[in-house]
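1. sequence and predicted structure, then a few things I'm wondering about:
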Amino acid sequence: MPIKQYRRLRLPVLVLAFLVGSAAFPGIAAAPASDKAVSVDPFALALDEKMPGLLTKYDVPGAVVAYIQDGAVAWTKAYGVADRRTGRPLRPEAVFNFASAAKALTAWGVMRLVETGKIELDAPAERYLKRWHLPPSEFDPNEVTVRRLLSHTAGLTVNGYAGYDPRRRPLPTLKQVLEGQNQISGAVRLAWKPGDGYHYSGGGYTILQMIIEDVTGESYADYIRREVLAPLGLSGGWEWTAARLSAAPTPYGFRHDALPFYRFVTLGIGNYLDRVDGFARFIAAAGPGPGGEPAGRGVLRPETLLWMMTPQPGTNKYYGLGYATEAFDNGTPYITHGGHSSGWCSIYALALSLRSGVVVAAASDKAEPLKLSVLELWAEAALGRHIALDPKWLEPTTEDPFGFFIAPALILAGVLGVIAALTAWRLMAQVRAGRRRLRLGPGATSLGAIVLWLFAGGLWIYFFYTSWPFPLPPTVPEASWPPELGWTTAAFMACALVSIVRAFFPKTKPAKS
């Protein structure tokens, strides 16, 4: 066949090949409808343009953003990497810990009990508590009501709680946590007159968790899963299962240190684990749905949600019942809440009157200014509004809250390491020279040295416990301290070990002439 005839057939052949490929691989022929919508969405375009620079500016490995429009999740986009070491890309279906941003879940659970008449919103919390009670104080505990716990106006202490290393067994009970037996934050107590002002308290939401459990007779997780998550079609939870771990990015600290996937006893303060689009569906449920579904989606009544979004007395028009209340520069209101746990940052905002919202999540302690920048970008690109943010909130995070521990800890580790090394070297030299010999029982002086080192090392571990593979009782505190402190802990243990070995090699008595 002449070459010209081949050329005439080229276009039909290409068209046929395209149609065959489209039938076998539909994704090649056309992008999903959601992707088409994203391509012309002003917020998505602005995000694509700005996010790479924001990740670099704030030194954050990656972030996922979900956009809520007309009561549903319109799209979810991922940027950056899930793991700095491997370069694994971050996916939209990644699982995050939403920390305190998920306090609204607890509020929904409590308001379900209010709607069914099992709890009275203005009744004293003490009426429903069975396992633990507020410690004595100068203030009346009966003024600590369910409403005030939800709005952070109950006058309680404890901002939040540290998590536990996944290898730790056993975990403390909720009662032990409230008593402060194993938390550096201390016990929950009544420090201010209830109703007199806004004092953010994760301890108060832990009390709400206990109320839910004491009233229903089941665990917080089981109750919230049955009464809130399942009706909304959500599959998140609070346990790091194998499936969630495989879908999660690596959480990073302030110095890019990979952190453990901490476990929590205090589920009521947040720490909900889910995909970003899943959590965004929960946030969107606070307003009418895309098909005219009522706010609350049948879990809560629309009027109940309006109460929850109404600023409560004593909060300076800032906080409702589980939702923070803010406004754009033109006065249009929106609900919002941020979250920050070790290695996890998140925030959401929902402007009900504008039928628009956003959820942002990142696995980095340095992502606080990043999530606020995305919130600002959403307001401007999607709504043409402006959020009045303090400029210092958008500055890159350079200060490690535990940074002042690091230099002294490393110096102490170096000094102790030198002491252990010199003592071990001298011990070996004396054994070779015959000046020390093995003996089954340590002497009194050596025994005192052992006790001293073990006591000093024990105090260090008690106050700066990070993570060890052996079980500890629930009374030992645990916090997300910098990993550098582990070097000092190891140095203490090395000194103790050398002193123990040295005790079994006492000096030999010189022979009589």
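-> Arrived safely, thanks for sending.

2. now do the contacts for the residue nearest the centre of the chain.
-> Closest residue to the average C-alpha location of the chain: Ser341 at 3.0 Å, with Cα atoms, centre = their mean. Residues near Ser341 by Cβ atoms under 8 Å, 6 or more residues apart in numbering: Asn97, Ala99, Ser100, Gly160, Gly163, Tyr262, Gly270, Asn271. Heads up, the C-betas are built off the backbone N, CA and C, glycines and all.

3. quick one: pLDDT of the spatially closest residue to the fourth one that is not a sequence neighbour?
-> Looking back up the chat, that one is Gly160. Spatial nearest neighbour of Gly160, chain neighbours left out: Gly202 (4.0 Å); criterion: Cβ to Cβ, 6 or more residues apart in numbering. With respect to pLDDT, Gly202 scores 97.

4. between the contacts of Ser341, identify the one with the most neighbours.
-> Asn97 (30 neighbours; other Cβ atoms under 10 Å).

5. looking at strand pairing, list the partners for the nearest residue to it once chain neighbours are set aside.
-> Excluding its sequence neighbours, the residue lying closest to Asn97 (Cβ to Cβ, 6+ apart) is Trp344, at 4.1 Å. Trp344 has these beta-bridge partners by DSSP bridges: Ser341.

6. now do the nearest residue to His256 once chain neighbours are set aside against Ile68, distance only.
-> Nearest residue to His256, sequence neighbours excluded (Cβ to Cβ, 6+ apart): Arg84, at 6.3 Å. Using Cβ to Cβ, to the nearest Å, Arg84 is found at 30 Å from Ile68.

7. those two: who's more crowded?
-> Neighbour count, other Cβ under 10 Å: between Arg84 and Ile68, Ile68 has more, with 27 against 16.

8. next, give phi and psi for that one.
-> With angles defined as degrees, to the nearest 10, Ile68 sits at phi -100, psi 130.

9. residues contacting it?
-> Ile68 touches Ala74, Ala280, Ile283, Ala284, Leu350, Ser356, Gly357, Val358, Val359, counting by Cβ under 8 Å, 6+ apart.

10. do the same with Leu149
-> Ala125, Leu156, Ser201, Gly204, Tyr205, Ile207, Leu208.

11. now with 6 Å, please.
-> Residues near Leu149 by Cβ atoms under 6 Å, 6 or more residues apart in numbering: Ala125, Gly204, Ile207, Leu208.

12. count of residues packed around the residue nearest to the first one when sequence neighbours are not counted?
-> Which is Ala125. Distances taken as Cβ to Cβ, 6+ apart put Val144 closest to Ala125, at 5.0 Å, once the chain neighbours are dropped. By other Cβ under 10 Å, 24 other residues sit near Val144.

13. list the buried residues of the longest helix along the chain.
-> If you go by DSSP state H, the chain has its longest helix at helix 403-432. Neighbour-count burial for helix 403-432 flags 405-406, 409-410, 412-413, 416-417, 419-420, 423-424, 427, 430 (criterion: 16 or more other Cβ atoms under 10 Å).

14. lowest-confidence member of these, which is it?
-> Within the set of the buried residues of helix 403-432, pLDDT is lowest for Phe405 (71).

15. can you list contacts of stretch 117-137?
-> Contacts of stretch 117-137 (Cβ under 6 Å, 6+ apart): 113-114, 141-142, 144-147, 149, 175, 178, 189-190, 207, 211, 214-215.

16. give me the buried positions along it.
-> In stretch 117-137, counting by 16+ other Cβ under 10 Å, buried: Ile119, Pro124, Ala125, Tyr128, Leu129, Trp132, Leu134.

17. next one: stretch 290-299
-> Here stretch 290-299 shows Ala295, Gly296, Arg297, Val299 as buried, counting by 16+ other Cβ under 10 Å.

18. tally of neighbours for the nearest residue to the last one once chain neighbours are set aside?
-> Okay, so that is Val299. Nearest residue to Val299, sequence neighbours excluded (Cβ to Cβ, 6+ apart): Pro231, at 5.0 Å. For Pro231, the neighbour count with other Cβ under 10 Å is 15.

19. going forward, begin numbering at 53 instead of 1
-> Sure, I'll start numbering at 53, so the last one becomes Pro283.

20. which element follows the helix or strand harbouring Pro283 toward the C-terminus?
-> Element membership of Pro283, judged by DSSP states H and E, is helix 282-284. As assigned by DSSP H and E, the chain's next helix or strand after helix 282-284 is helix 294-299.

21. what's the mean pLDDT across that next one?
-> Averaged over helix 294-299, pLDDT sits at 97.

22. buried ones in that helix?
-> Arg296, Ala299.

23. residues in contact with that helix?
-> Helix 294-299 is contacted by residues Ala146, Val147, Leu325 when judged by Cβ under 6 Å, 6+ apart.

24. if you set the cut-off to 7 Å instead, what comes out?
-> Glu145, Ala146, Val147, Phe313, Leu325 (Cβ atoms under 7 Å, 6 or more residues apart in numbering).

25. including neighbour count and distance to Gly247, could those go into TSV?
-> Formatted as TSV, these follow (neighbours: other Cβ atoms under 10 Å; distance: Cβ to Cβ, whole Å):
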residue	neighbour count	distance to Gly247
Glu145	13	44
Ala146	21	41
Val147	25	39
Phe313	18	39
Leu325	23	34
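
26. OK, contacts around Val125?
-> Ala118, Asp329, Ala332, Arg333, Ala336 are the contacts of Val125 under Cβ under 7 Å, 6+ apart.

27. the last one: neighbouring residues, count only.
-> Residue crowding around Ala336 was assessed by other Cβ under 10 Å; the count is 29.

28. how much space between Arg333 and Thr356?
-> Arg333 is 19 Å from Thr356, where distance means Cβ to Cβ.

29. neighbour count for these two, which is higher?
-> Between Arg333 and Thr356, Arg333 has the larger neighbour count (other Cβ under 10 Å), namely 22 against 18.

30. which non-adjacent residue is nearest the more buried one?
-> According to Cβ to Cβ, 6+ apart, the nearest residue to Arg333 is Val125 (5.8 Å).

31. hang on, the earlier thing: take the contacts of Ile120 and keep only those in helices.
-> Residues of the contacts of Ile120 located in helices (DSSP H): Ala332, Ile335, Ala336.

32. dump these to JSON lines, plus distance to Pro94 and pLDDT.
-> What follows is those, written out as JSON lines (distance: Cβ to Cβ, whole Å; pLDDT from 0 to 100):
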{"residue": "Ala332", "distance to Pro94": "19", "pLDDT": "98"}
{"residue": "Ile335", "distance to Pro94": "21", "pLDDT": "98"}
{"residue": "Ala336", "distance to Pro94": "19", "pLDDT": "98"}
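
33. quick one, phi/psi of the nearest residue to Met360 once chain neighbours are set aside?
-> Of all residues not flanking Met360 in the chain, Leu373 sits nearest, at 4.1 Å (Cβ to Cβ, 6+ apart). Per-residue torsions, Leu373: phi -110, psi 80 (degrees, to the nearest 10).

34. kindly report the same for the one 4 residues further on.
-> The phi and psi values for Thr377, taken as degrees, to the nearest 10, are phi -120, psi 130.

35. Val117 is in contact with Lys129, correct?
-> Yes. Judged on Cβ atoms under 7 Å, Lys129 makes contact with Val117 at a distance of 5.4 Å.

36. with neighbour numbers in mind, choose between these two.
-> Taking other Cβ under 10 Å, Lys129 and Val117 do not tie; Val117 has more neighbours (25 against 20).

37. so which bits of stretch 103-122 are buried?
-> Neighbour-count burial for stretch 103-122 flags 103, 106-107, 110-121 (criterion: 16+ other Cβ under 10 Å).
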